[in-house]
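J.: Any chance you can model this:
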Amino acid sequence: MPINIAILDDHPMIIQGITFLLNNNTAIKLVEGFTHAQQLFKYLQEYPTNFDVVLIDIILQETTGDIVVKEIRNNYPYMKTIAFTNQEQTYYINAMINNGANGYLLKTCKESTLIEAINKVYKGGFFYDSNINIHQNKATSNVRSVAE
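T.: Have a look, this model is predicted:
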């Protein structure tokens with residue numbers, strides 16, 4: 001049985017790219033892509049158990065990813081979330097993790113890293129992208145303490 005995922009990103013090309021990357025992957029299935037948070041929440045009201053993991057961009061048109069993660073955590077606590085972003089700043093990392101994200105992944109990652117992150121989070125672990133500049137980012141110590 002595959003890991004069912006969704007993606008929330010206001011850039012349709014990102015959703016199409018992830019769809020293409022995962023097209024032949026039998027272990028992970030992209031069930032749905034959303035460009036607006038309200039679309040995601042409307043879908044979840046009707047199908048609350050369709051997703052195991054949700055990839056969430058941080059900068060969205062009508063809201064922010066940390067608010068979406070918090071809402072998912074409060075209403076669908078069994079669902080895992082991964083921040084999927086270009087943002088490496090401490091503020092964004094802390095906001096996502098403090099609101100319950102199970103992982104933090106940069107959009108510049110390789111396909112193998114995306115798959116690793118989804119698998120690790122699905123199994124109950126925490127994933128932090130090793131390509132985030134640790135030396136310039138003071139959030140690293142906070143991330144490790146949250147993840148442990």
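J.: what are the ranges of the helices in this structure?
T.: Along the chain, counting by DSSP state H, helices occupy 12-22, 37-46, 65-75, 90-98, 111-122, 139-147.
J.: Report the inter-axis angle for the fourth one versus helix 65-75.
T.: Which is helix 90-98. 10 degrees (axes from the mean of the first three to the mean of the last three CA atoms, to 10 degrees).
J.: tell me the mean pLDDT over helix 90-98?
T.: Computed over helix 90-98, the mean pLDDT rounds to 94.
J.: Tell me how many other residues crowd Asn50.
T.: Each residue near Asn50 was counted by other CB atoms under 10 Å, and the total is 14. (Each C-beta comes from the backbone N, C-alpha and C, glycine too.)
J.: I'd assumed Lys29 was in contact with it.
T.: No - between Asn50 and Lys29 there is no contact under CB atoms under 8 Å: 10.3 Å.
J.: what residues do these two have in common as contacts?
T.: In terms of CB atoms under 8 Å, 6 or more residues apart in numbering, Asn50 and Lys29 are both contacted by the residues Asn4.
J.: ok so, going back, generate a markdown table for the helices of the chain, with mean neighbour count and distance to Thr81 as supplementary columns.
T.: Shown next, in a markdown table, are the helices of the chain (neighbours: other CB atoms under 10 Å; distance: least, CB to CB, whole Å):
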| stretch | mean neighbour count | distance to Thr81 |
| --- | --- | --- |
| helix 12-22 | 14 | 15 |
| helix 37-46 | 15 | 11 |
| helix 65-75 | 19 | 5 |
| helix 90-98 | 19 | 8 |
| helix 111-122 | 18 | 8 |
| helix 139-147 | 15 | 14 |
